[in-house]
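S.K.: What would the 3D arrangement of this be:
(one chain, ligands or ions: 2)
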Amino acid sequence: MIELEGLTKRYGEKVAVDNLTFTVRPGIVTGFLGPNGAGKSTTMRMMLGLDRPTAGDVRIDGKHYDRLKDPLTYIGALLDAKAMHGGRSAYNHLLCLAQSNGIPKSRVAEVLDTVGLTAVAKKKAKGFSLGMGQRLGIAGALLGDPRILMFDEPVNGLDPEGIHWIRNLMKSLAGQGRTVFVSSHLMSEMALTADHLVVIGQGRLLADTSMADFIERNSRSYVRVRTPQRERLLDVLHQAGVTVVESGGALEVDGGKAEYIGELAAQHQIVLHELSPQQASLEEAFMQLTAESVEYHAHTDTPVEQPRPWGEGWNRS
Ligand code: ADP
Ligand code: MG
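M.R.: Ligands and ions are numbered 1, 2, ... in the order given. Model prediction:
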């Protein structure tokens, strides 16, 4: 369990993390979501004792990070993938980590196997691709068999196969009862991985909710219906008091259940060509939630220099 209480970080005038209070619980994947610059990495660094809070507190299983004996056996983290390992082999990199944290040497081969790097264990890590570097970072996080794992934007720059692998790994770690805390600036990514969501914007807490609740509250659900007997179906639906939006060749029925609409159509002998439940995008809900707190908007109302029509004026000689 990770507990934050009033956690705050200022850099001069800039408030990077603003009075955050929430708890990250074991047994589920908790997504830490916010636009770029929201304060996710700063929060994670403070959780790991790499940055000192201006105010407030973080506790890892009730203790401060610097009070943990052999911290890698409590909490494993993948932070900035580029910021590590140089000329050492993957094996030696992990061996050094193990030795300085009282972790048995046998764990090194185990975690290399878990992340699929056994075949390149003796190769120098600086020749690794981004995906391999990410796997090595994750091997380091898993080394101490910690109950708590933290991943900062782990899927950034990965190929689809790597992304799929990381998602499954996080779910299985949570399934083993561990605390899994993972950040992302993409709602679409969180929707596929997280059971619980903590959303921040400009350092402030915007939501702390289960993924299911977030989806339920923030997405418009409707049923798309296509029929060759459009006018008849519209009549029937209006009589049933259902709200219908016409969209292209289809009808969008708000809030209704597909079963109900199907049965209604059958009673009136109306042929349906499509009857499909739909959900509006969560990305939209996330953008709305954080809209006010995004640092650098692409303002549409700021005057933009108009491009000159090609060939007019100075470009002609
Ligand atoms: P995120 O990880 O959500 O993208 P960060 O935690 O990296 O956000 O950054 C939050 C804010 O704090 C940003 O405005 C960033 O510019 C600022 N910031 C982060 N680290 C420092 C630092 N060492 N010095 C000054 N400002 C910083
Ligand atoms: Mg970050």
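S.K.: Look up the closest residue to Glu5, ignoring the ones flanking it.
M.R.: Asp57 (4.8 Å; CB to CB, 6 or more residues apart in numbering). Quick note: C-beta positions are derived from backbone N, CA and C, even for glycine.
S.K.: With Asp195 instead?
M.R.: That would be Ile28: by CB to CB, 6+ apart, it lies 4.0 Å from Asp195.
S.K.: Equivalent analysis for Thr243, please.
M.R.: Distances taken as CB to CB, 6+ apart place Asp254 nearest to Thr243, at 4.4 Å, with adjacent residues excluded.
S.K.: The stretch 101-250 of the chain: helices as residue ranges?
M.R.: 106-114, 130-142, 160-175, 187-193, 211-218, 230-239 (DSSP state H, counting those that start in this stretch).
S.K.: which residues are in contact with stretch 139-149?
M.R.: 1-2, 26, 60-61, 70-78, 84, 90, 93-94, 97-98, 101, 103, 107-108, 111-112, 114-115, 117, 150-151, 170, 173, 177-181 (CB atoms under 8 Å, 6 or more residues apart in numbering).
S.K.: now stretch 98-106
M.R.: By CB under 8 Å, 6+ apart, stretch 98-106 touches 70-73, 95, 97, 107-108, 143-144.
S.K.: rewinding a little: could I get the pLDDT score of the residue nearest to Asp195?
M.R.: With respect to pLDDT, Ile28 has a value of 98.
S.K.: Give me the phi and psi for it.
M.R.: phi -140, psi 160 (degrees, to the nearest 10).
S.K.: I figured it hits Val180, correct?
M.R.: Yes: at 7.3 Å, Ile28 counts as touching Val180 under the criterion of CB atoms under 8 Å.
S.K.: Can you tell me the element Thr43 falls in?
M.R.: Here Thr43, judged by DSSP states H and E, is contained in helix 40-47.
S.K.: what angle separates the helix or strand following that helix from helix 40-47?
M.R.: Counting by DSSP H and E, the next helix or strand C-terminal to helix 40-47 is strand 55-60. Put simply, strand 55-60 runs at 70 degrees to helix 40-47, going by axes from the mean of the first three to the mean of the last three CA atoms, to 10 degrees.
S.K.: Could you confirm whether stretch 11-19 reaches ligand 1?
M.R.: Yes: Stretch 11-19 comes into contact with ligand 1 (CB under 6 Å from any ligand atom), by way of 11, 14, 16.
S.K.: Same list (those) but as a markdown table, adding distance to ligand 2, neighbour count and pLDDT.
M.R.: As requested, the residues of stretch 11-19 next to ligand 1 are exported to a markdown table (distance: CB to the ion, whole Å; neighbours: other CB atoms under 10 Å; pLDDT from 0 to 100):
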| residue | distance to ligand 2 | neighbour count | pLDDT |
| --- | --- | --- | --- |
| Tyr11 | 14 | 11 | 96 |
| Lys14 | 15 | 11 | 94 |
| Ala16 | 11 | 20 | 97 |
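S.K.: What distance do you get for Tyr260 to Ala266?
M.R.: Noted for Tyr260: a distance of 11 Å to Ala266, by CB to CB, to the nearest Å.
S.K.: do the same with Asp57
M.R.: In terms of CB to CB, Asp57 sits 61 Å off from Ala266.
S.K.: more crowded one of the two?
M.R.: Per other CB atoms under 10 Å, whichever of Asp57 and Ala266 has more neighbours is Asp57, with 14 against 11.
S.K.: contacting residues around the more buried one?
M.R.: 3-7, 64.
S.K.: Including distance to Ala194 and neighbour count, could these go into CSV?
M.R.: Formatted as CSV, the contacts of Asp57 follow (distance: CB to CB, whole Å; neighbours: other CB atoms under 10 Å):
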residue, distance to Ala194, neighbour count
Glu3, 19, 17
Leu4, 17, 22
Glu5, 22, 15
Gly6, 24, 12
Leu7, 20, 25
His64, 26, 11
